[in-house]
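What follows is a predicted structure for the sequence shown.
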Amino acid sequence: MMGGGYGMGGGGLIFMLIFAVLVVVPFWRLLPKFGIPNWVSVAAIIPLGALILLWVMAFRDKLDGGRK
């Protein structure tokens, strides 16, 4: 038994790459507006990383003391 039918396969890998691009590109465009470097958007590939980035973006004005 070789475990047929299990694993990601070619279609799953393509789906994961498309999903990663659809998540990273919006962060890549939004983060500079919050004063965060573009390359940090790569952390959004990890679901917890995306959640942390959203939290930082939401509270960025409060973290900076209300300055723009």
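Structure's in. What do you need?

alpha carbons only for contacts and neighbour counts from here, please
Fine.

In this structure, what residue spans correspond to helices?
Counting by DSSP state H, the chain has helices at residues 9-30, 47-58, 60-63.

quick one: contacts of the first one?
Residues external to helix 9-30 that are found in contact with it (C-alpha atoms under 8 Å, 6 or more residues apart in numbering): Asn38, Trp39, Val40, Ser41, Val42, Ala44, Ile45.

could the helices of the chain go into CSV alongside mean pLDDT and mean neighbour count?
Shown next, in CSV, are those (pLDDT from 0 to 100; neighbours: other C-alpha atoms under 10 Å):
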stretch, mean pLDDT, mean neighbour count
helix 9-30, 87, 13
helix 47-58, 92, 14
helix 60-63, 70, 13
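
Show the contacting residues for the closest residue to Leu53 other than its chain neighbours.
Excluding the flanking residues, the one nearest Leu53 by C-alpha to C-alpha, 6 or more residues apart in numbering is Ala44, at 7.2 Å. Contact analysis of Ala44 by C-alpha under 8 Å, 6+ apart lists Val23, Val24, Phe27, Ala50, Leu51, Leu53.

Repeat that for Ile36.
With C-alpha under 8 Å, 6+ apart as the criterion, no residue contacts Ile36.

do the same with Gly35
Neighbouring residues of Gly35 by C-alpha under 8 Å, 6+ apart: there are none.

Model confidence for it, exactly?
Looking at Gly35, its pLDDT reads 88.

Also the one 4 residues further on?
We note a pLDDT of 94 for Trp39 in this prediction.

If any of the contacts of helix 9-30 are buried, give me the ChimeraX selection for them.
Here is the ChimeraX command that selects only those of these that count as buried (16 or more other C-alpha atoms under 10 Å):
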select :38,41,42,44,45
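
tell me the two of the contacts of helix 9-30 that are most distant?
Asn38 and Ile45 (13.6 Å; C-alpha to C-alpha).
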